[in-house]
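Undergrad: mind looking at a prediction? Sequence and model below.
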Amino acid sequence: MSGSGWGQVPSNSCECFLCSDSPASICLHYEAPEIETVTSLVLKCQLGVICLWLDQYHNLAPKEEKGEAAVLVKAVHLLDTYGSTKGLLLNPSKCQLFGPCDPTRFHCSIPHHLALNFDILGAPIGDEDFCASFIKKRWLSACELLSLLPKLCDPQLSSGILRQCVSFCKLAHLARCTPPTPAVLELFANFDNDVLHCLEQCTEHQFSSMAIWQAQLSFRHGGFGLRFLFSHATAAYIALASISLSGAFPPTTEFNHLQTAIAMFNQQVTEGEALTTVSVLLSPPRQHLLSEKVEKLALSSLLHNATTKTKARLLAESVPQAHTWLRTVPSPGLGLALEPDETHILLKWWLGLPLCNLDEHAPYCSRQLDPLGHISLTCRHAGDVVT
């Protein structure tokens with residue numbers, strides 16, 4: 001967007017763009033004397049909404065036309081002129097034109113939005129204040145769900161819903177579409193704190209700093225799978241922005257946002273995993289691969305600061321399939337449901353939280369119990385493991 005740059009849409013940016021809802025993707029072949037280098041115009045469909053970005057024509061257009069509204073004007077004219085002969089009829093009432101260009105250059109019936117602040121496909125496009133306000137509304141909406149989960153009185157069910165439906169995935173789309181500025185990252189951090197507080201209520205225990213770091217890790221790294229937006233916002237934005245700007249001359253604002261995000265991401269990974277602007281534009285990285293790099297350094301730091309017993313626990317929890325019980329859908333009929341007390345104990349043990357007081361003793365061997373439950377898991381008094 002000309003004069004903007006906040007918010008990111010998955011395509012090459014123009015001075016303006018046209019949105020038209022349509023049930024399917026359409027490929028229109030035409031012969032146009034005005035454009036000799038282009039043989040087809042592809043309309044990409046996402047979630048039932050076609051964003052007309054003219055990828056092919058925009059890339060092949062003369063350099064002086066790139067990013068200009070004239071590109072879109074010519075394309076709309078082609079659609080209107082040649083589309084009907086191929087069965088594609090432009091419905092102006094179901095189109096919207098965004099941008100500061102002159103609306104009289106387009107079809108007169110197409111609604112035109114002059115405002116630079118708007119949302120489309122669930123993502124904010126506009127200045128920093130507008131984007132922050134948009135994200136805050138989504139955050140507060142998610143908080144209503146977070147407040148209800150502890151009331152289920154079933155920690156196995158509530159923690160599973162929290163991880164799968166009401167945490168990172170709730171605002172992940174906004175992290176991909178919005179530059180990770182300080183204001184945006186602060187909102188993501190506030191949301192992460194609310195998610196963590198919800199999990200603490202479900203487990204009925206306040207987390208230590210090490211437990212918080214472990215909870216953020218994926219299952220393969222011995223974590224709880226509760227990915228935090230603050231930690232992965234740069235990876236999410238880079239993954240989408242690199243695709244959007246790849247192969248085209250990027251607008252200054254969006255290009256600067258990408259460079260800033262890359263610099264922030266490089267502070268979260270080892271030197272060997274660092275990215276460059278050229279590398280991500282030539283070969284756009286996948287988001288899950290970037291997040292994996294962030295987690296590798298987080299796990300390394302966690303192990304470096306852990307005691308020998310904690311390291312042994314984390315490494316044991318990183319073994320393949322060790323986390324299966326966490327991902328199991330509760331089903332009393334199949335014997336796969338845990339009692340609330342059982343879930344509390346298991347979650348505390350998984351995250352290294354205290355299970356008992358220091359002054360408690362084992363019921364059979366009379367040894368003083370350690371808070372993390374190691375004696376209970378290893379005591380073989382009377383020929384059996386006492387738990």
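TA: Okay, I see it. Residues are numbered from 1 along each chain as shown.

Undergrad: can you list the low-confidence ranges for the stretch 51-200 of the chain?
TA: Along the stretch 51-200 of the chain, the parts satisfying pLDDT under 70 run over 51-75, 78-79, 82-84, 86-88, 95-109, 113-115.

Undergrad: all strands for it, in order.
TA: Secondary structure of the stretch 51-200 of the chain by DSSP state E, counting those that start in this stretch: the strands cover 95-98, 112-113, 118-120, 123-125.

Undergrad: hmm, Ser218 is touching Leu226, no?
TA: No. Ser218 is beyond contact range of Leu226, at 9.4 Å (criterion: CB atoms under 8 Å). From N, CA and C alone the C-beta is placed, and that goes for glycine too.

Undergrad: who's more crowded, these two?
TA: Per other CB atoms under 10 Å, whichever of Ser218 and Leu226 has more neighbours is Leu226, with 21 against 18.

Undergrad: list the contacts of that one.
TA: Applying CB atoms under 8 Å, 6 or more residues apart in numbering to Leu226 gives the contacts Leu162, Arg163, Ser167, Phe168, Val195, Leu196, Leu199, Ala215, Gln216.

Undergrad: just the closest of those residues to Phe118, please.
TA: Phe168 (25.7 Å; CB to CB).

Undergrad: and the closest one, how many residues sit next to it?
TA: Neighbourhood size, Phe168 [other CB under 10 Å]: 23.

Undergrad: and what of Asn190?
TA: Asn190 sits with 17 neighbouring residues when counted by other CB under 10 Å.

Undergrad: go on, Lys348?
TA: 21.

Undergrad: repeat that for the one 5 residues further on.
TA: As a burial measure, Leu353 scores 22 neighbours (other CB under 10 Å).

Undergrad: list the contacts for it?
TA: By CB under 8 Å, 6+ apart, the contact set of Leu353 is Thr203, His205, Phe207, Ser208, Ala211, Leu347.

Undergrad: who touches the third one in this structure?
TA: Residues in contact with Phe207 (CB under 8 Å, 6+ apart) are Leu196, Leu199, Glu200, Ala215, Leu351, Leu353.

Undergrad: one more: Ser301?
TA: Counted by CB under 8 Å, 6+ apart, Ser301 has contacts Trp213.

Undergrad: helix or strand: which one has it?
TA: helix 287-304 (DSSP states H and E).

Undergrad: beyond that helix, next helix or strand please.
TA: helix 308-317.

Undergrad: in that next one, what's buried?
TA: For helix 308-317, a neighbour-count test (16 or more other CB atoms under 10 Å) marks Thr310, Arg313, Leu314, Glu317 as buried.

Undergrad: again, but for stretch 265-281
TA: Buried, per 16+ other CB under 10 Å, within stretch 265-281: Phe265, Asn266, Gln268, Val269, Leu275, Thr277, Val280, Leu281.

Undergrad: per-residue confidence for the last one?
TA: Spelled out, that is Leu281. On the pLDDT scale, Leu281 is placed at 86.

Undergrad: repeat that for the fifth one.
TA: The predicted local distance difference test score for Leu275 is 92.

Undergrad: do you know how far it is from Ala211?
TA: Going from Leu275 to Ala211 by CB to CB, to the nearest Å gives 30 Å.

Undergrad: looking only at pLDDT, what's the mean for stretch 205-225?
TA: 90.

Undergrad: how far does it stretch from one end to the other?
TA: End-to-end distance for stretch 205-225: 18 Å, by CA to CA, to the nearest Å.

Undergrad: buried set for that stretch?
TA: 205, 207, 210-225.

Undergrad: in helices, which of those fall?
TA: Met210, Ala211, Ile212, Trp213, Gln214, Ala215, Gln216 (DSSP state H).

Undergrad: report the contact partners of the third one.
TA: The contact partners of Ile212, taken as CB under 8 Å, 6+ apart, are Leu196.

Undergrad: what about His232, neighbour count?
TA: 25.

Undergrad: picking up where we left off before, widest-spaced pair of the buried residues of stretch 265-281?
TA: Taking CB to CB, no two of the buried residues of stretch 265-281 sit farther apart than Gln268 and Leu281, at 20.0 Å.

Undergrad: which residue ranges of the stretch 201-350 of the chain form strands?
TA: Here the stretch 201-350 of the chain has no strands by DSSP E, counting those that start in this stretch.

Undergrad: where does it have low pLDDT?
TA: 247-254.

Undergrad: try it again at 50.
TA: The model of the stretch 201-350 of the chain has pLDDT under 50 over residues 250.

Undergrad: which residues does Thr203 contact?
TA: Counted by CB under 8 Å, 6+ apart, Thr203 has contacts Pro155, Ser159, His344, Leu347, Lys348, Leu351, Leu353.

Undergrad: I meant Arg313, not that one.
TA: Contact analysis of Arg313 by CB under 8 Å, 6+ apart lists Gly222, Gly352, Leu372.

Undergrad: before we move on, the earlier item: redo the buried residues of stretch 265-281 as TSV? Include distance to Ala236.
TA: Formatted as TSV, these follow (distance: CB to CB, whole Å):
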residue	distance to Ala236
Phe265	10
Asn266	16
Gln268	12
Val269	15
Leu275	14
Thr277	17
Val280	13
Leu281	17
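
Undergrad: relative to Pro124, which of these is nearest.
TA: Phe265 (21.5 Å).
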